[in-house]
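J.: After the sequence you'll find the predicted model.
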Amino acid sequence: MSARKDIKSQLEGYQEIKKEIEICQKYGQDYRNERGLKTAIINRLHPRQLELTVSEIIVENAHTKTLRLAANGSFLPPFLPGQYLNVTVQIDGVRTSRPYSISSSPTQTAYYDLTIGRVKDGFVSNYLLDEVKVGDTLITSGPLGNFYHNPLFHGKKLVFLAGGTGITPFMSMIRTFTDQNLDLDILLLYGCRSVKDALFLPELKRRAELHPNFKFELVLSEPDPEDQGRQGLLDAQLIKDLVADIGATTFYLCGPSAMQNFCTSQLESMGIKRRAIRSEAFIAPEDVLADPGWPKNISADQSVTLTVQRPSGAAMTIKTRVGEPVLTALERAGLAVPNGCRTGECSLCRIKMTAGQVFQPSGALVRHSDRALGYIHSCRAYPLSDLTLMI
Ligand SMILES: Cc1cc2nc3c(=O)[nH]c(=O)nc-3n(C[C@H](O)[C@H](O)[C@H](O)COP(=O)(O)OP(=O)(O)OC[C@H]3O[C@@H](n4cnc5c(N)ncnc54)[C@H](O)[C@@H]3O)c2cc1C
């Protein structure tokens, strides 16, 4: 008992805490002084919403720009490299949002960079690239997401498999880990069509020259005649050729869904366990009808009606079609539903369905209890019949 007491008394701060306890026991504590303090700290670290100013726009290549977002004199919450912001916009009367990974490093707190690639006919990416100017204000969420390196579980050997714009979360990680000189062994395998599509090449080269524990390889699937670099895809053979200790490595994947599926199957064909593979899909599968679970004989154009019951008791009806996710139909009708990743994972867009039937693809990570109680992840729920929803 006395040995335990001795150890405690040697702990840093022990005497101060002991004294504070004695004072509190004698006089009590006036907690009114601290009212609201913890809420203020929590709101500062995990704000629901941020108002950020576009302080600079950097053209990265013909179809990609970086929007540099500064806080309006307030405090930018910290984030982990790999996390994203959900950017809310109002376009032609429709309020919607999209997630974008922070490509800058949290080692500086002056701004967040979002690097945005153009998606053909994309609703939000084209707006952000063509309409947003320096000085504009963007409304975003606070930093979100679980795609980051956890030193306790993910070890020191990391292989990043990036496809196209999917380089952005890795850029934040590479900038952070090299700036901090962390004891990690990082290999980036960066798949692009051609050199002109590759982002951040000069910076990647410079960081690889300065930091022997960071290496990268550009892998081109449709190179231009003058392009230098490896040709092919991020496949099992390439990984076997370049990764020395596969069993001790954690693989991170980020890019379009097709690239994700391909790389995951390649890694699994090499016997790599699921727990050593961490991934973030940038865009939900484009053709939900191609999902193996899609019910036969239902066409995406079939029209359906959503009846939305409001807490006030009022109800509204929305016409949509089977192939449109419920969240998109609600946004078109002017209803705001909180959301984050829009790929079915984060569950922020979860709503209650009291009647009807939806299709939720395998990527929509709906809890068993939610399915039983009728909750759906509206970003990836496709109405197979008329629905009644409570919002
Ligand atoms: C966590 C995360 C981080 C991301 N980070 C970046 C980034 O750093 N840089 C970047 O450029 N992009 C990033 N993205 C992708 C980005 O969020 C948008 O998806 C992209 O900009 C396209 O949006 P859009 O409005 O232009 O296109 P949309 O108009 O949404 O269309 C894009 C395509 O996706 C399909 N689609 C979209 N949503 C759904 C859905 N719910 N179900 C089925 N199909 C759907 C559409 O049919 C269309 O073909 C990220 C995505 C995620 C999930």
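T.: Received, thanks. Numbers count the residues shown, from 1 in each chain.
J.: Please identify the residues of this structure in proximity to the ligand?
T.: Applying C-beta under 6 Å from any ligand atom, we find that the chain lies next to the ligand at 84, 98-101, 115-117, 119, 122-125, 145, 165, 168, 280, 282-284, 286, 288, 325, 341-343, 379-380. Bear in mind the C-beta positions are built from the backbone N, C-alpha and C, glycine included.
J.: Among the residues you listed, name the buried ones.
T.: For the residues of the chain next to the ligand, a burial check counting by 16 or more other C-beta atoms under 10 Å picks out 84, 98-101, 115-117, 119, 124-125, 145, 165, 168, 280, 282-284, 288, 325, 341-343, 379-380.
J.: From the recorded domain assignment, give the ranges for the protein.
T.: Annotated domains of the chain cover 45-140, 151-281, 303-390 [automatic domain parsing].
J.: What is the end-to-end distance of stretch 133-141?
T.: End-to-end span of stretch 133-141 (C-alpha to C-alpha, to the nearest Å): 20 Å.
J.: Now do that stretch, average pLDDT.
T.: Taken as a whole, stretch 133-141 has an average pLDDT of 97.
J.: Going by neighbour count, list what's buried in stretch 200-209.
T.: Within stretch 200-209, the residues that qualify as buried are 200-201, 204, 207-208, counting by 16+ other C-beta under 10 Å.
J.: I figured Asn61 was touching Lys196, is that so?
T.: Yes - counting by C-beta atoms under 8 Å, Asn61 touches Lys196, with 6.3 Å between them.
J.: How much space separates the residue of the chain found nearest the ligand from Lys273?
T.: Scanning the chain for the residue nearest the ligand gives Gly122, at 2.1 Å (criterion: C-beta to the nearest ligand atom). In this view, Gly122 and Lys273 are 35 Å apart by C-beta to C-beta, to the nearest Å.
J.: picking that back up, out of the buried ones among the residues of the chain next to the ligand, which are inside helices?
T.: Taking DSSP state H as the definition of helices, these contribute 124-125, 168.
J.: now the helices: where do they sit in this protein?
T.: Using DSSP H, helices in the chain cover 2-10, 14-27, 37-45, 123-130, 151-154, 168-179, 201-210, 236-242, 257-269, 326-332, 368-373.
J.: Can you say which of those is packed in most?
T.: When you average the neighbours per residue for each of these (mean count of other C-beta atoms under 10 Å), helix 168-179 leads with a mean of 23.
J.: can you list contacts of that one?
T.: If you take C-beta atoms under 8 Å, 6 or more residues apart in numbering as the criterion, helix 168-179 is touched by 81-84, 100-107, 114-115, 147-149, 160, 162, 182, 184, 186, 188, 199-200, 204, 207, 210-211, 214, 252, 254, 280.
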